[in-house]
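**Q** What follows is a protein structure lacking sequence information:
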């Protein structure tokens, strides 16, 4: 009689049920890690290295230390693009207020609420290039927006060039971004509101709390992670905006976003890859710092978007 504790060879073990399970676990763990390392971390490490060199696409490289970063900070368009993110953060607050208001209404028993949610979420599904062309014609002189304003009593000669005038073209970008992304945030808020336990509302109602008290003392504190997540996602979307700014801003002497400002380092005679790498790293730092500080709120906000069963 064979002893049940006989040690199996590696070949026999790998063919066993336990060995197959371990093999599958390792495959699903190691393969994604290898792909992440090869296509994310290694290229990022190379980009960091290139930011300290003076280089072209071909030819020898020369180590220059922090000279590339100094050159970036001496450019007015790059610093101006970072400052102009304040426009988009103001737009994020406007979008937040609209999304939260609509989410609160649509979370109640409203007729055709799912239809309204679909209409409001639809702009988020549209391709960015298509949105660029839509708003290019929307803001063009004498077209849709100007026509609507003329119906309201404004004179065409007194209206600015929405895509050319540098005093308003950034607000035009903000308006298109709010229209595109507020539906995404509204859906996030709807999921967070619906995940709140009904017993909290019932207890507050029994204590005689008003609707404003319930909203401000119960709902808003519970929605804090979702609100923080919404602001960060909105800031990231506008911070990385490229298509709309490149497609329909007519004045290219002052490119408005970080992405389009970095594009100025490319040209028909070659690209300044060392400055591009340095500019990308500088532009990543604010987003990285914000993520490190608010990562717990981001995870909680995404989880709060799950509708309870």
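**A** Thanks, I have the structure now. Here the structure is a predicted model, which is why all the values come from computation and not from measurement.
**Q** And the lengthiest helix in the chain, what does it pack against?
**A** What stands out as the longest helix in the chain, according to DSSP state H, is helix 273-304. In terms of contact count using 3 or more CB pairs under 8 Å, 6 or more residues apart in numbering; DSSP states H and E, helix 273-304 is assigned the packing partners helix 42-50, helix 67-73, helix 76-83, helix 169-194, helix 220-239, helix 258-262. From N, CA and C alone the C-beta is placed, and that goes for glycine too.
**Q** could these go into CSV alongside mean pLDDT and mean neighbour count?
**A** As requested, the helices and strands packed on helix 273-304 are arranged in CSV below (pLDDT from 0 to 100; neighbours: other CB atoms under 10 Å):
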stretch, mean pLDDT, mean neighbour count
helix 42-50, 88, 13
helix 67-73, 84, 17
helix 76-83, 70, 15
helix 169-194, 81, 22
helix 220-239, 74, 19
helix 258-262, 70, 22
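**Q** quick one, what contacts residue 279?
**A** 72, 78, 261-262, 265 (CB atoms under 8 Å, 6 or more residues apart in numbering).
**Q** Oops, could you answer that again for residue 42 instead?
**A** Remark: with contacts taken as CB under 8 Å, 6+ apart, residue 42 is in contact with nothing.
**Q** Phi first, then psi, for the spatially closest residue to residue 142 that is not a sequence neighbour.
**A** Nearest-residue entry for residue 142: residue 156, 6.6 Å, with adjacent residues in sequence omitted and distances by CB to CB, 6 or more residues apart in numbering. Note on residue 156: backbone dihedrals following degrees, to the nearest 10 are phi -60, psi -40.
**Q** what's around residue 156, how many residues?
**A** By other CB atoms under 10 Å, 11 other residues sit near residue 156.
**Q** got a pLDDT number for it?
**A** Residue 156 is assigned a predicted lDDT (pLDDT) of 85.
**Q** One more: residue 246?
**A** In the predicted model, residue 246 carries a pLDDT score of 62.
**Q** before we move on, what about the one 4 residues further on?
**A** Reported pLDDT at residue 250 in the predicted model: 53.
**Q** thinking again about what came up before, in CSV: the contacts of residue 279, plus distance to residue 56.
**A** Output for the contacts of residue 279, formatted as CSV (distance: CB to CB, whole Å):
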residue, distance to residue 56
72, 18
78, 21
261, 21
262, 17
265, 12
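**Q** closest to residue 19 among these?
**A** residue 262 (50.0 Å; CB to CB).
**Q** As a markdown table, the helices and strands packed on helix 273-304 with distance to residue 137 would be great.
**A** Listed next are the helices and strands packed on helix 273-304 as a markdown table, based on distance: least, CB to CB, whole Å:
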| stretch | distance to residue 137 |
| --- | --- |
| helix 42-50 | 37 |
| helix 67-73 | 35 |
| helix 76-83 | 26 |
| helix 169-194 | 12 |
| helix 220-239 | 21 |
| helix 258-262 | 20 |
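**Q** ok, and what's touching stretch 204-217?
**A** In this structure, residues lying in contact with stretch 204-217 by CB under 8 Å, 6+ apart are 104, 201, 218.
**Q** helices or strands next to the strand or helix carrying the first one in the packing?
**A** Following DSSP states H and E, one finds residue 104 within helix 85-106. With contacts defined as 3+ CB pairs under 8 Å, 6+ apart, the packing partners of helix 85-106 are helix 113-125, helix 169-194, helix 220-239.
**Q** average pLDDT across it?
**A** With pLDDT averaged residue by residue, helix 85-106 scores 81.
**Q** Just want the angle from that helix to helix 220-239.
**A** Angle, helix 85-106 to helix 220-239, by axes from the mean of the first three to the mean of the last three CA atoms, to 10 degrees: 140 degrees.
**Q** buried stuff in helix 85-106?
**A** The neighbour-count check on helix 85-106 (16 or more other CB atoms under 10 Å) flags 85, 87-88, 91-92, 95-96, 98-100, 102-104, 106 as buried.
**Q** tilt between that helix and helix 169-194?
**A** Relative orientation of helix 85-106 with respect to helix 169-194: 40 degrees, computed using the same axes, to 10 degrees.
**Q** Next, the angle from helix 85-106 to helix 273-304.
**A** Note on geometry: by the same axes, to 10 degrees, helix 85-106 and helix 273-304 are set 20 degrees apart in direction.
**Q** who's in contact with helix 85-106?
**A** Under CB under 8 Å, 6+ apart, the answer for helix 85-106 is 113, 116-117, 120, 170-171, 173-175, 177-178, 181-183, 185-190, 193, 215, 219, 223, 227, 230-231, 234-235, 238-239, 241, 258, 286.
**Q** switch the cut-off to 7 Å
**A** For helix 85-106, contacts defined as CB atoms under 7 Å, 6 or more residues apart in numbering pick out 113, 116-117, 120, 170-171, 174, 177-178, 181-182, 185-186, 189-190, 193, 227, 230-231, 234-235, 238-239.
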